[in-house]
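Chemist: here is a sequence with its predicted model. Questions after.
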Amino acid sequence: MNTIVVNQAQSNKSENMVWVVSIEGQDDSRQFCKSARAAMKYMFLLKSRTGLYISKEGLQMLSAEIARLKNPEAVAKIKEHAEAIAEAYDVN
C-alpha cells in the first residue's frame, strides 16, 4: 500500500535544508517544502485528496521539528534532563 512519506534533504539551489513530501513508490509526486509546518500541511492535503495513510515516522519527525522551532528553550532543557538521566543510569 502506498504511504505519504517525508524526508529532509539539501536544497540544490542553496545551503538550506528542505522537506521532501512524496507518495512512496511514486517519484513524480515529490514536493519540496521550506519548513516543517508547510510539509505537514502538504501531507494532510495529500491525505485528503488521495485517501492514503501518512507515515507515523514522518509525522513524528515533523512534529518534533515544529516543537523544536516553537520553543527551543524547552527542548534544550529536555535534552539536558535526558542526558542527566542517561549518565545517572549508565549501564557501563
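Modeler: Everything's here; your move. From a predicted model like this one, the values you see are computed outputs, not experimental measurements.

Chemist: hey, which helix is longest across this protein?
Modeler: Taking DSSP state H as the assignment, the helix of the chain that covers the most residues is helix 72-88.

Chemist: next one: it to chain centre, how far?
Modeler: Here helix 72-88 is found 21 Å from its chain centre; the criterion is Cα atoms, centre = their mean, to the nearest Å.

Chemist: all numbers from here: first residue = 23
Modeler: With 23 as the first residue, the last one maps to helix 94-110.

Chemist: show me where the protein has its helices.
Modeler: Listed in chain order (using DSSP H), the helices of the chain are 58-72, 78-92, 94-110.

Chemist: and among those helices, the most buried is which?
Modeler: Among the helices of the chain, helix 58-72 has the highest mean neighbour count (mean count of other Cβ atoms under 10 Å), at a mean of 16. C-beta coordinates here come from the backbone N, C-alpha and C atoms, glycine included.
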